[in-house]
Structure formats: structure tokens, C-alpha cells
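1. no sequence on this one, just coordinates:
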């Protein structure tokens, strides 16, 4: 029984590790039209988002925290920060804009300010 179980466990571990490494390596640099998103953002509700130029990000939004996740934009109006498929999907109500030296954006109806 042990001789059969050991190869099975090794194959299973190899598959799991491949999936983990594969999901971590899908970060791609932000496109030129999304560079204004780079930085630390804090909302009026004290949610925080950090977006890096290499396509990685961290966030603490509502009850979800992601550290070292992948930043993606879907269909031009959705910002996703996820790790292993878990993380918030936020509707982009207004893209980052600068007014009087202050950067703001609106995600899911919540105003974020760049620090």
C-alpha cells in the first residue's frame, strides 16, 4: 500500500506546486494607458490598494486582503487584484485623474485618493 501511495503523493505535490508557481508568474507590466493607476490608494472607507508597475499589487478591500497579487484590467471597466483566484473585482466608475495636485479615482462608487 505504501509503495502505491508515495508516487501518488509525489505526483499530487508536483501538480500543486506547478499551479502555485504558474499563478504567481502571470504578472505582466501595466500597459501605458494604465500607468496612472500605479501607487498607493486609500479610500474614504479606509480600504487600501497598492498597484505596482510590474503588474503586482496588494489590497485590503472590505473583508478581502491580497498581498503580492496580480493586477488585471478586464473589459476596460473592471480592476482585479487577485492571488490564486481570490481577490476583489472592482468596477472602474472613473479612472485616475489629477485635480489641484490631488489624484482620485472611483471604484465601485468609492472614492480613492493617491498618497
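-> All right, it came through fine. Just so it is clear, the model here is predicted, and its values are computed rather than measured. Numbers count the residues shown, from 1 in each chain.
2. right, and the helix or strand after the helix or strand of the chain with the lowest mean pLDDT?
-> Sorting the helices and strands of the chain by mean pLDDT, DSSP states H and E puts helix 2-24 at the bottom, at a mean of 53. Following helix 2-24 in sequence order, the next helix or strand is strand 39-43 (DSSP states H and E).
3. how about that following strand: buried residues?
-> 39, 41, 43 (16 or more other CB atoms under 10 Å). Heads up, the C-betas are built off the backbone N, CA and C, glycines and all.
4. who's in contact with it?
-> For strand 39-43, contacts defined as CB atoms under 8 Å, 6 or more residues apart in numbering pick out 48-51, 103, 105, 107, 110-115.
5. State the helix or strand in which the residue nearest the centre of the chain lies.
-> Nearest to the mean C-alpha position of the chain, counting by CA atoms, centre = their mean, stands residue 81 at 1.8 Å. Using DSSP H and E, residue 81 maps to strand 78-82.
6. Note down every partner strand of the helix or strand just after that strand and its orientation.
-> The first helix or strand that comes after strand 78-82 along the chain, using DSSP H and E, is strand 89-99. Here strand 89-99 is paired, per DSSP bridges, with strand 78-82 (antiparallel), strand 102-107 (antiparallel).
7. can you give me the mean pLDDT across the longest one?
-> Okay, so that is strand 102-107. The pLDDT scores in strand 102-107 average 98.
8. Mind listing residues that contact it?
-> 36-37, 39, 41, 43, 49, 79, 90-97, 111-114.
9. Isn't the residue nearest to the centre of the chain up against residue 66?
-> Yes. Counting by CB atoms under 8 Å, residue 81 touches residue 66, with 5.3 Å between them.
10. intersection of neighbour lists for the two?
-> In contact with both residue 81 and residue 66: 57, 58, 59, 87, 88, using CB under 8 Å, 6+ apart.
11. Need the max-distance pair from the residues you listed.
-> 58 and 88 (11.6 Å; CB to CB).
12. where do the contact lists of the two overlap?
-> Joint contacts of residue 58 and residue 88 (CB under 8 Å, 6+ apart) are 66, 81.
13. tally of neighbours for residue 88?
-> Counted with other CB atoms under 10 Å, the neighbours of residue 88 add up to 21.
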